[in-house]
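Asks: Okay, here's the prediction I keep looking at, along with the sequence it came from:
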Amino acid sequence: MKLTNIVAATFVTVSNNFGVIGFSTLPTQQTASKISSSYSTSLGGATTSEQQTFTTTTSDEIIPRDILFGNPTYASPNLSPDGKYLAYLAPSKDSGVLNVFIRNTSDKDESKVRMVTSDKSRGIRQYFWAQDSETLLYMQDFEGDENFHLWGIDATSEKAEARDLTPGENIKASSVITNKRYPNELLVGTNERNPAIFDMYRCKYNDPENAALVLDTENPGDVVGWGSEDESFEIREATVRNPADSSNTVRVRDDTKSEWRDLVTFPYGEDGGVIEFCKDNGKSCWMTSSVGRETTALLQVDLKTGETIKEISYNEKSDVQGIVLDQDTKKIKAVSYNYARTERVFFDKDLEADYEKLKELGPEGAEVGVGSKTRDEKLWTVSFSRSDGPTEYCLYDQVKKEITSLFVSVPELLQYKFSLMEDVRIKARDGLELVGYLTRAKKDEKTPLILMVHGGPWARDSYGFTGTAQWFANRGYATLQVNFRGSTGYGKSFLHKGDKEWGVGTMQHDLTDAVKWAIDEGIADPDKVCIYGGSYGGYACLAGLAFTPDLYKCGVDIVGPSNVKTLLDSIPAYWGPIRNQMLLQIGDVDADEEFNKKISPLFHVDAIKAPLLIGQGANDPRVKQAEADQIAFSMKEKGIPVEYVLYPDEGHGFARPDNRIDFNGRVELFLKEYLGGRAEDFTKPEGSTAQFPLLEEKAAAVQKEE
């Protein structure tokens, strides 16, 4: 089984921290042969007031922020491998913090639902079943510091207490692998031995007396990702980063006693890696590769020579997005791509028939998503999602071809009308086609526009329900999201057209061109445009205000860097192996001080005209608080309108609902003042920890004078 690379490429998009989590409710279950028509109507149909003729795309009434951004009622259903239990997330009754709950899958009595975990701070967002079907595993950090630990708890015992399986200070756990053939063991990576790299450890997680980590495979210093062979459950594959040229080499070995050997090297600018070992006695593996083509293809590759045996699947416009394998035979069952929306290529007729059946059973036009499956794959958790309403979760009986309704994400949203997202094509000034997503506030007239820039920047936006965009639409603003060059998923040329193009280059030009497209199309009021984003999107906001000061009326920057050099000088130690690659993609701000000043908004504060609202987590390990401090205080000193909100118990994004609701309430008032939309009344949530460094400095200065 292939692990995701241990080191993620730069800033992960933070949109999920500000958008709607999969909020859900758990009504009484009933077996259905098709989702009821009333559900379809409630998602897309009109209420009494909406049956009149209106040009607005969303409800006339204000949709409350606490519904859009508060905690879920239930979320993220997950079947135990043996199918006996169904787990999901829900807020605890005493503190309202997200925890894991379970019930017997076949028991519809909600009184027997039991809370398994007992987190009281930021809530649990990542959990999964161990292969023994009794232990729940989850990841948790401390107040957003991203030093995630792996925890385990016996879900079958009411008296069980959670155990930290990766204990120690300043340790980060990553890349957990479980294996149904070895149900009492797991593999996990940690940087305990060296903070910059991750070794792999073996853990007998369900044996408290012998659960201490045992070193399985030591990192020689250059490995950024590990993979195991399924039958032996041995680490047999490694992805190695060459810091000198930022190439990636795939290393493999025949068993733990054999020497490692280089299999394939991907030079900088190419993309690919091992997906899984084939079940052919070590002869071949499945691998993605962009070598010799524009986008990644799925290949079968010889494990001795590295030569391609067969090309399995390829899409000339999109990289491989997802792969479904038979867990026993390792045969390819399906491959998915996403240029503008998800497309699947099936290699297994039975699986294709199941997807077609699910489309038939689900709401019309909904996208089918398969979550967890039992070990025998006879019972699945399935989601039906759409861009203009909440997601429904169901159980799918693969034998009977029937679905049983579980719950609807954010059932309170069913009473409101939402805007249908449109996928659009935008031509950049040099003719490059950009995929964008438009969520309108009105159908037939121009409105203020919010350009919502994704993080990464080596990430992408996708089609679907986006709570933040729907929030903006309900307040009277069209929202445009664009996959600018440098975004992932569109092939190597598109990705690397963004190299050294931050701030004053074509990455930012694409955003400018997207705004001008919206103006030319009659969608946006040219005098009322806001640029909004988190992480890299926050940087793009600062760059937009500094380098195109006449284009934007205002900006909202969330955990965005203001000085690229100080950003890279303060990254976590475990990002060290990818630092040189970041310099290749961003530009060498280490060696070229003038280049750093050219692309860093901090050095262009004098050019900023538009008001700015900044949100920052004090514990952010990626974009440190200093990045927000330095530009906020600089703008204040120069008399440029700026508001700055700091949350001392948050990291790279706002995980606590009270803080999300607090900051978004302040965003609403800010946008109303400068763009003229509407806003819900604002009262600071009781649990918000918002601080105001600019005001505190002023108060301290006044006190000193007195």
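Replies: Great, that's in hand.

Asks: where exactly do the helices run in the protein?
Replies: 15-18, 37-44, 65-69, 349-361, 467-475, 492-496, 506-520, 536-547, 564-569, 579-586, 593-599, 625-637, 657-675, 693-705 (DSSP state H).

Asks: Not counting sequence-adjacent ones, nearest residue to Leu581?
Replies: I think there's a mix-up here, since residue 581 is Gln and not Leu. Spatially, and ignoring its direct neighbours in sequence, Gln581 is nearest to Ser246 (4.0 Å; CB to CB, 6 or more residues apart in numbering). From N, CA and C alone the C-beta is placed, and that goes for glycine too.

Asks: before we move on, the earlier item: lowest average confidence across the helices of the chain, which one?
Replies: If you rank the helices of the chain by mean pLDDT, helix 37-44 sits at the bottom with a mean of 27.

Asks: burial count for Leu695?
Replies: As a burial measure, Leu695 scores 11 neighbours (other CB atoms under 10 Å).

Asks: do the same with Tyr393
Replies: The number of residues packed near Tyr393 is 24, by other CB under 10 Å.

Asks: which residues does it form a beta bridge with?
Replies: Using DSSP bridges, the bridge partners assigned to Tyr393 are Ser383, Phe407.

Asks: these two touch, right, it and Ile403?
Replies: No. Tyr393 lies out of contact with Ile403 (CB atoms under 8 Å); the separation is 10.0 Å.

Asks: Now do the shared contacts for those two.
Replies: Both Tyr393 and Ile403 are in contact with Val382, where contact means CB atoms under 8 Å, 6 or more residues apart in numbering.

Asks: thinking again about what came up before, what's the most buried one of the helices of the chain?
Replies: Comparing the helices of the chain by mean neighbour count (mean count of other CB atoms under 10 Å), helix 536-547 ranks first with a mean of 28.

Asks: Now do it and helix 625-637, the angle between them.
Replies: 30 degrees (axes from the mean of the first three to the mean of the last three CA atoms, to 10 degrees).

Asks: quick check: angle from helix 536-547 to helix 506-520?
Replies: Using the same axes, to 10 degrees: helix 536-547 against helix 506-520 is 80 degrees.

Asks: what helices or strands is helix 536-547 leaning on?
Replies: Other elements packing on helix 536-547 under the criterion 3 or more CB pairs under 8 Å, 6 or more residues apart in numbering; DSSP states H and E are strand 447-453, helix 506-520, strand 524-534, strand 554-558, strand 612-617.

Asks: Please produce TSV containing these, extended by distance to Gly653.
Replies: Shown next, in TSV, are the helices and strands packed on helix 536-547 (distance: least, CB to CB, whole Å):
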stretch	distance to Gly653
strand 447-453	14
helix 506-520	21
strand 524-534	6
strand 554-558	7
strand 612-617	7
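
Asks: Out of these, flag the one nearest Asn596.
Replies: Nearest of these to Asn596, taken as CB to CB: helix 506-520 at 15.8 Å.

Asks: from the middle of its chain, how far away would that closest one be?
Replies: Offset of helix 506-520 from its chain centre (CA atoms, centre = their mean, to the nearest Å): 24 Å.

Asks: can I get the CA coordinates of it in PDB?
Replies: C-alpha atoms of helix 506-520 as PDB (Å, rounded to 0.1, in the frame of the first residue of the first chain):
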ATOM      1  CA  THR A 506       1.700  35.500 -14.500                       C
ATOM      2  CA  MET A 507       0.200  33.700 -11.500                       C
ATOM      3  CA  GLN A 508      -1.100  37.000 -10.300                       C
ATOM      4  CA  HIS A 509      -1.900  38.100 -13.800                       C
ATOM      5  CA  ASP A 510      -4.300  35.200 -14.100                       C
ATOM      6  CA  LEU A 511      -6.200  36.400 -11.100                       C
ATOM      7  CA  THR A 512      -6.300  39.900 -12.600                       C
ATOM      8  CA  ASP A 513      -7.500  38.500 -15.900                       C
ATOM      9  CA  ALA A 514     -10.200  36.500 -14.100                       C
ATOM     10  CA  VAL A 515     -11.600  39.700 -12.500                       C
ATOM     11  CA  LYS A 516     -11.500  41.500 -15.800                       C
ATOM     12  CA  TRP A 517     -13.300  38.500 -17.400                       C
ATOM     13  CA  ALA A 518     -16.100  38.800 -14.800                       C
ATOM     14  CA  ILE A 519     -16.400  42.500 -15.400                       C
ATOM     15  CA  ASP A 520     -16.500  42.100 -19.200                       C
END
